[in-house]
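> what shape does this take:
(2 chains)
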Amino acid sequence: MKKIWVIIKREYLALVKTKGFILGTFLVPLLILLLAFLPAIFMSVGTEGERKIAVIDFTGRLLAPLQSHLSEIQAENPDQAPYRIQEMQADSSNIESRKAGLNSEILSGTLDAFLILPADIFENNQFELYAKNISNFQFNETLANRLTRVVSGIRLREIGLDPELVQRMNRSVRPKTYKVDERGAKEESGEITFGISYIMVFMIYMALIFYGIFVMRGVIEDKNSRMAEILLSSVRPHQLMAGKILGIGATGMTQLGIWGLTILLVSTYGLIMIRQFVPAVQEMPIPTISVWVILGFVVFFLIGFFLYSTIYAALGSMGNSESEMQNLQWPALSFIIIAFMLMFAVIKNPDGPMAVALSMFPFFSPILMFLRISLHAVPFYQVLLCIALCLVTIAGMVWISGRIYRVGILMYGKRPSLPELLKWIRYS
Amino acid sequence: MDILKIEAVNKTFGDVQAVRDLSLKVGKGRIFGFIGPNGAGKTTTIRMVMQILLPDSGKIEIFGKPPEPGLTNRIGYLPEERGLYKKMKVEDQVAFLGEIKGLSHAASVAEAKKWLERVELAEWAGKKIEELSKGMQQKIQFVGAVLHQPELLILDEPFSGLDPVNTNLLKDILLGLKSSGATVIFSTHQMDQVEKLCDAICLIDHGRNLLEGSLPEVKARFGKGRVHLRYEGRADFLQNRSLVAEFNDYGKFVEIRPAAKVAPQDILQAAAREVTVTHFEIAEPSMNEIFIQVVQSKGGQA
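I've put the predicted structure just below:
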């Protein structure tokens, strides 16, 4: 046991001190922070300045209500870019010269746009909008919405109805989402729940690939640096393999721990902080991750790590140099990738028979069973059954991989064929 | 007491029988030369002693006990293929090698410091292995094999790649370990080292024990009466079959086994007629000669 500990310690320290690990560990949280804060920062800083809009009103009664409507909206949303309306007088005799003048103002940049509100706007439902950039969908839409409110207000008043009242009658209804699981229903936003599931599944997916490759590289390094023989003259092969996997696993847990902590801090304190500065984020609920999902994440990451790292260790022991890693890792990598791709099939119907069957397959469980747990679509007995299946599979893989590793670690030269591999496994 | 006893051990890899019915004994406190041509089965035998490989059949006893994992802590091993973690610091690497032999962390660090001074690498302790020259790495490797004070040391080509100064340094350490009671098994192709260092030898080829015994015993078995000549000139007399049964010519030095009933003086006379003899000696056969003779005559039978 003590010797396994010595190997673990060496692997851990050797890996933690590498530049790649340090960069990865601290750059990724930085990236998470940036991704989390950037939209908020853009929202507060990135808005355009005020827009100057000239209006030629042929109806003679739209301009004033439009202006008051705009300033009302402005008062409610102080961080939105204000529209400054500038009234232009014109009649059919001088309209063309007015237009020419405004055109040149737009081209010179002193004006953003100008509107011509025709006298028949109440019948034809059209106004003219002149601007340098007419594909700014949001701008066009906002202007149209504002004008619609004003125009329909006037129409309603003409037939004796109170526009405020009509607007209240017409309010649309929206769903408030509640998530139902064994412990009852809880208010939660569908998009955010899915987003968090996706991020966590993706983290497991990447972690399995990355730490698996770390294990593989570690094994190949032992062979390549000819350390294997020295090590095996002091420790048993299974001790060496266990030490290697546990040491690299501990490194992985350290890294994931730091990342997890960052995400936790960002999603709680970070969001609270953003709310202080950016009122637009007010409505966004603080996402809550249930203890069960966190527990599931840890358990299924560990299961996946041990399952795949033993395979990666055996694969590594068949190779001679790092350049062979690309080819060697395929058997393990393809299972992980297939599991990840099946994720989208499982999401569609997380408790359907196909999802249950796929998530029970031990090589897919770390990704698919965790996905189902994070979507709260798994009865507890299925989780237990799945964990049991995985543990049995891990035991089997440790046995097979240990036997391949024991022979492979001292073999140099040609990679073994499948019959040779079977012979290695049968060696006493 | 025999520190190591190997009895009728066989080991086969696929179609190749690497070790064949091999038996040998190594006495305590001796320096034991384990020699044989390339591919003779030395490394396989050593690996079985180190419990890296299991014999197919036969028995191995170390310190009078059957192999068990704990026993390897009492053995120091320098494999033929040297291995160090290139990115590790020298002091960490040495301490690690001590720890996997069962030393505590503190003891390993202390021993590492002591031994690095002993091999004159103390000022390199904080450097990475990859920054060291090959010879220095070789010394680190050697330190890794001895710092846990093993009772049995197995060294595969310990002097290869070392300059004469460092060879001397290691030799003194080896003799020091021997006088403090350790047993050393060393494998080499340098017969002059065997000659100078070993108390006993075992020569194997094709996995078989061909010759075993203390050095004087072995030499006695091959008789005396070898002629060693140091000379200048063209030594055509060596081709004279009635005079010279066998010879090993280095150009300026030649080892001669005289033909039957030829006295060493006859050889000297014949030589003096053709070359300038600067040195003449009647000697016992060298290990080099014994090696070649044994391997060439018996190797073909396998």
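
> any regions of chain B where pLDDT drops low?
B:298-302 (pLDDT under 70).

> give the contact list for the one residue in it that gets nearest to chain A.
Closest approach between chain B and chain A, counting by C-beta to the nearest C-beta: B:Gly83, at 3.3 Å. C-beta coordinates here come from the backbone N, C-alpha and C atoms, glycine included. Listed by C-beta atoms under 8 Å, 6 or more residues apart in numbering or on different chains, the contact partners of B:Gly83 are A:225-230, B:141.

> partners of A:Gln86 in the sheet?
Assessed by DSSP bridges, A:Gln86 has beta-bridge partners A:Ala54.

> can you get me a residue count around the residue of the stretch 151-300 of chain A found nearest chain B?
Using C-beta to the nearest C-beta, A:Arg226 is the residue of the stretch 151-300 of chain A that sits closest to chain B, at 3.3 Å. The number of residues packed near A:Arg226 is 16, by other C-beta atoms under 10 Å in any protein chain shown.

> do A:Val201 as well
24.

> let me know the secondary structure of it.
With DSSP: H, G, I helix; E, B strand; the rest coil as the basis, A:Val201 sits in helix.

> what sits against it?
Listed by C-beta under 8 Å, 6+ apart, the contact partners of A:Val201 are A:340, A:343, A:367, A:370-371, A:374.

> check those residues one by one and keep those near chain B.
Filtering those for proximity to chain B by C-beta under 8 Å from any C-beta of the partner chain leaves nothing.

> just name the closest of those to A:Asn94, please.
Distance to A:Asn94, by C-beta to C-beta, is smallest for A:Met343 among the contacts of A:Val201, at 65.7 Å.

> alpha carbons only: can I get the helix or strand containing that closest one in CSV?
Using DSSP states H and E, A:Met343 maps to helix A:330-348. Only the C-alpha atoms of helix A:330-348 are listed here, as CSV (Å, rounded to 0.1, in the frame of the first residue of the first chain):
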residue,chain,number,x,y,z
TRP,A,330,-9.1,4.9,-30.6
PRO,A,331,-10.7,1.9,-28.9
ALA,A,332,-11.3,3.9,-25.8
LEU,A,333,-12.0,7.2,-27.5
SER,A,334,-14.7,5.9,-29.8
PHE,A,335,-16.8,4.6,-26.9
ILE,A,336,-16.6,8.0,-25.2
ILE,A,337,-17.5,9.9,-28.4
ILE,A,338,-20.4,7.6,-29.3
ALA,A,339,-21.8,8.0,-25.8
PHE,A,340,-21.6,11.7,-26.1
MET,A,341,-23.3,11.7,-29.5
LEU,A,342,-26.1,9.5,-28.1
MET,A,343,-26.7,12.2,-25.6
PHE,A,344,-29.0,14.0,-28.1
ALA,A,345,-31.1,10.9,-28.6
VAL,A,346,-31.4,10.5,-24.8
ILE,A,347,-32.4,14.1,-24.2
LYS,A,348,-35.5,13.7,-26.5
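
> buried stuff in that helix?
Residues A:332-333, A:335-336, A:339-340, A:342-343, A:346-347 are the ones in helix A:330-348 that count as buried (16 or more other C-beta atoms under 10 Å in any protein chain shown).

> got a markdown table for those residues, with pLDDT and distance to B:Trp124 too?
Converted to a markdown table, those look like this (pLDDT from 0 to 100; distance: C-beta to C-beta, whole Å):
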| residue | pLDDT | distance to B:Trp124 |
| --- | --- | --- |
| A:Ala332 | 90 | 40 |
| A:Leu333 | 91 | 41 |
| A:Phe335 | 92 | 45 |
| A:Ile336 | 93 | 43 |
| A:Ala339 | 92 | 48 |
| A:Phe340 | 91 | 47 |
| A:Leu342 | 91 | 54 |
| A:Met343 | 88 | 52 |
| A:Val346 | 86 | 56 |
| A:Ile347 | 83 | 57 |
